[in-house]
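Peer 1: predicted model and sequence follow; I will ask about them next.
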Amino acid sequence: MQSDSVGEYLSANDAVALRSQPLLRSAFIALSQNRLLRRFAERSSIGRRMSGRFVAGMSIDEALAVCERLNREGIAATLDALGESVTTEPEARASADVYHRMLDAIAARGLNANVSLKLSQMGMDFDPDLAEKIVGEMVEHASAVDSFVRIDMEGSPYTEATIAMTERLQTRGDGPGRVGTVLQAYLYRTEGDVERLLRQGIRIRLCKGAYKEPPAIAFPDKPDVDANYIKLAERLMNSGVFCGIATHDEAIVDKLLTFTREHDVPQDAFEFQMLYGIRRDLQRRLIELGFGVRVYVPFGPEWYPYFMRRLAERPANLFFLVKNALKS
């Protein structure tokens, strides 16, 4: 059984030392873009074994099985077929087909789940109009089966285009309430983007951000990111627009729980969202308190960039993974 944290494997001093090394985070971000290492890792048995901490298998059926288990525990799910930066229309259509199959399977199995995608999977890099057409068809499908499409946020070059496309899709016949996006608290612009999307009733998933961005556009220091995250989360939770509060930081969660009590925020006004394989103890605690929890369930053979970004967020995870790989 996987542990809920790496704490049992690291001393407190070791964990503090790791968290104090921003260079290690930068190194993992750089490695996430290394094509040779990605090719080796995604084809190797040890790579797949280590990725299992954060990736729910290689196939749709494996991911659906995880969703069913989560639902039995009272936890909702968001399915994400991993993959980035396709270069041809057939590749983009193939990526979209996986999502259409997932939407049908979610409906057929009666799962409490929806889907989350990246625009670079849908052709955004070479044909933005094609990407919008493909995602629009997916939103129509989601509406037909009473589901929802979340457009993930990628690095800052995609920020404005992602927000603008979400706004356009929201105004279409099947769009209202069926499409939302993700905002990243480490960007200076995000406070304005929150107000912009709330005015249109667009559902937001708020996260801290997992890409390396320059200090000209993003808060470089964690305390500033955390403070901005809390401010924006409180705004969202009290906005009247259902939102996702995506964090594993228990100190932040506790502050937000206090905010809900002090401002009489209904528990069904928002949900907490977390990543597969991370802080299951905190997920269970929130469920017991009566709050909604949704787990982001990524799967598929193109797992390497996602996996490396998870290590970048918390380098101590590497020690947990190595220890368990050696044990097996």
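Peer 2: Sure thing, it's come through.
Peer 1: show me what the biggest helix by length in the chain is packed up against.
Peer 2: Identified as the longest helix of the chain according to DSSP state H is helix 89-109. Under the contact criterion of 3 or more CB pairs under 8 Å, 6 or more residues apart in numbering; DSSP states H and E, helix 89-109 touches helix 60-72, strand 76-81, strand 113-117, helix 128-144. Heads up, the C-betas are built off the backbone N, CA and C, glycines and all.
Peer 1: I'd like the ones you listed laid out as JSON lines, including mean neighbour count.
Peer 2: Below are those laid out as JSON lines (neighbours: other CB atoms under 10 Å):
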{"stretch": "helix 60-72", "mean neighbour count": "17"}
{"stretch": "strand 76-81", "mean neighbour count": "24"}
{"stretch": "strand 113-117", "mean neighbour count": "24"}
{"stretch": "helix 128-144", "mean neighbour count": "19"}
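Peer 1: now do the buried residues in the longest helix of the chain.
Peer 2: Of the residues in helix 89-109, 91-92, 95-96, 98-99, 102-103, 105-107 count as buried by neighbour count, 16 or more other CB atoms under 10 Å.
Peer 1: hang on, the earlier thing: okay if I get the helices and strands packed on helix 89-109 as JSON lines plus mean pLDDT?
Peer 2: What follows is the helices and strands packed on helix 89-109, written out as JSON lines (pLDDT from 0 to 100):
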{"stretch": "helix 60-72", "mean pLDDT": "96"}
{"stretch": "strand 76-81", "mean pLDDT": "96"}
{"stretch": "strand 113-117", "mean pLDDT": "97"}
{"stretch": "helix 128-144", "mean pLDDT": "97"}
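Peer 1: okay, those in JSON lines with distance to Thr258 next?
Peer 2: Converted to JSON lines, the helices and strands packed on helix 89-109 look like this (distance: least, CB to CB, whole Å):
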{"stretch": "helix 60-72", "distance to Thr258": "27"}
{"stretch": "strand 76-81", "distance to Thr258": "24"}
{"stretch": "strand 113-117", "distance to Thr258": "29"}
{"stretch": "helix 128-144", "distance to Thr258": "35"}
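Peer 1: closest one to Asp174 among these?
Peer 2: helix 128-144 (3.8 Å; CB to CB).
Peer 1: by contact count, what packs against that closest one?
Peer 2: When contacts are defined as 3+ CB pairs under 8 Å, 6+ apart, helix 128-144 packs onto helix 89-109, strand 113-117, strand 149-151, helix 159-171, strand 179-184.
Peer 1: cutoff 7 Å now
Peer 2: Counting contacts by 3 or more CB pairs under 7 Å, 6 or more residues apart in numbering; DSSP states H and E, helix 128-144 packs against helix 89-109, strand 149-151, helix 159-171.
Peer 1: what inclination does it have with respect to helix 159-171?
Peer 2: Calculated by axes from the mean of the first three to the mean of the last three CA atoms, to 10 degrees, helix 128-144 forms an angle of 40 degrees with helix 159-171.
Peer 1: ok, and what's touching helix 128-144?
Peer 2: 89, 92, 96, 99-100, 103, 119, 122-124, 148-149, 151, 161, 165, 169, 172, 174-175, 178-179 (CB atoms under 7 Å, 6 or more residues apart in numbering).
Peer 1: just the buried members of the residues you listed?
Peer 2: 92, 96, 99, 103, 119, 122-124, 148-149, 151, 165, 169, 174-175, 178-179.
Peer 1: state the distance from Arg235 to Leu198.
Peer 2: The spacing between Arg235 and Leu198, counted by CB to CB, to the nearest Å, is 8 Å.
Peer 1: that older thread, what sits up against the longest helix of the chain?
Peer 2: Counting by CB under 7 Å, 6+ apart, residues outside helix 89-109 touching it are 60, 64, 79, 81, 83, 86, 113, 115, 117, 121-123, 130, 134, 138, 141-142, 145, 147.
Peer 1: much appreciated, bye for now.
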